[in-house]
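K.L.:
Got a predicted structure here, sequence first:
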Amino acid sequence: MPMCRIPLTTVDKPEVRRYAGMASANDFPEVLLAEAIEEGLLMANGKATWQIFPYDPEQGMIVAPNLLTLQGQDIRKHLAQSTEVAVLAATIGGDIGQAIDRCFADGEYTKALLLDAVGTAAVETVADGANRLIEQEAARRGLAATWRYSPGYGDWDVTVQPELIVLAAGAAIGLTVTSHAMLKPRKSVTALIGLSPRKAAVTTLDNTMLGTPLQSMPTTASTKKGCTRNRCDICGRKDCLARKGSPS
């Protein structure tokens, strides 16, 4: 069971703006954004864990000690060429979530909004760093990796979270799931990454993200995911404030 700490030295400021629903650079004073990023990074404790299992694409089944048949056409299509899957869990811990709650309780709504956006950008950066490590492992074995796909994308329901936490060994990094299938700490993510023979992946998939060796940590905004696919394209939440525009 690979498990790693992924220190964060920065986050992508445009991503923070997007998650905050900021239509332009003038929506909030620049100093407030910079302060939220600095404070959020001090609280972030990036950790990730994952396990790799055989995958039966015809049955949509992860062949683990606790068999899991995936429900949802989009995730099964995403893994159609995969023979294995990496089940990933990542988090930045609970400190930033507690700070957000305190800001709301104290009426500091702008600061709460910005810290929330920083937390989202930070955990995405941690997940991207873990994703690269999985790609590197796959490349050593002659495999190619898809981009990561999380519950809530497309028609894949978030109610699968408890099973994914078990398969990823998320408890090892402090993750639990509420009765409403919400992750705790809330700035956490789970995802599946499909692994397939490199030739098959290259010739049949247009959304393959080939392994790029990650030489060292920490992960920063400059070492973000190599995939240029816009994941918002396959998400059904058309009214999401954090939604990216479709690529031209």
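P.N.:
Ah, there it is.
K.L.:
which helix is the longest one in the chain?
P.N.:
For the chain, the helix that runs over the most residues, judged by DSSP state H, is helix 109-140.
K.L.:
other SSEs contacting it?
P.N.:
helix 13-19, helix 30-43, strand 47-56, strand 84-91, helix 95-105, strand 143-146, strand 188-197 (3 or more C-beta pairs under 8 Å, 6 or more residues apart in numbering; DSSP states H and E). For the C-beta atoms, the positions are set from N, CA and C on the backbone; glycine is no exception.
K.L.:
Just name the most buried of the ones you listed.
P.N.:
Neighbour counts (mean count of other C-beta atoms under 10 Å) averaged over each of the helices and strands packed on helix 109-140 peak at strand 84-91, with a mean of 27.
K.L.:
And that one, how far out from the chain middle?
P.N.:
9 Å (C-alpha atoms, centre = their mean, to the nearest Å).
K.L.:
Taking their axis directions, that strand and strand 47-56 sit at what angle?
P.N.:
Comparing the axes of strand 84-91 and strand 47-56 via axes from the mean of the first three to the mean of the last three C-alpha atoms, to 10 degrees yields an angle of 160 degrees.
K.L.:
Run me through the strand neighbours of strand 84-91, direction for each.
P.N.:
strand 47-56 (antiparallel), strand 188-197 (antiparallel) (DSSP bridges).
K.L.:
Can I get it in CSV, CA atoms only?
P.N.:
What follows is strand 84-91 as a C-alpha-only set of coordinates in CSV (Å, rounded to 0.1, in the frame of the first residue of the first chain):
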residue,chain,number,x,y,z
GLU,A,84,-6.0,-2.7,-13.6
VAL,A,85,-7.2,0.2,-11.5
ALA,A,86,-5.5,2.3,-8.9
VAL,A,87,-7.9,3.4,-6.2
LEU,A,88,-6.6,6.7,-4.8
ALA,A,89,-7.4,8.7,-1.7
ALA,A,90,-5.9,12.1,-1.0
THR,A,91,-6.4,14.8,1.7
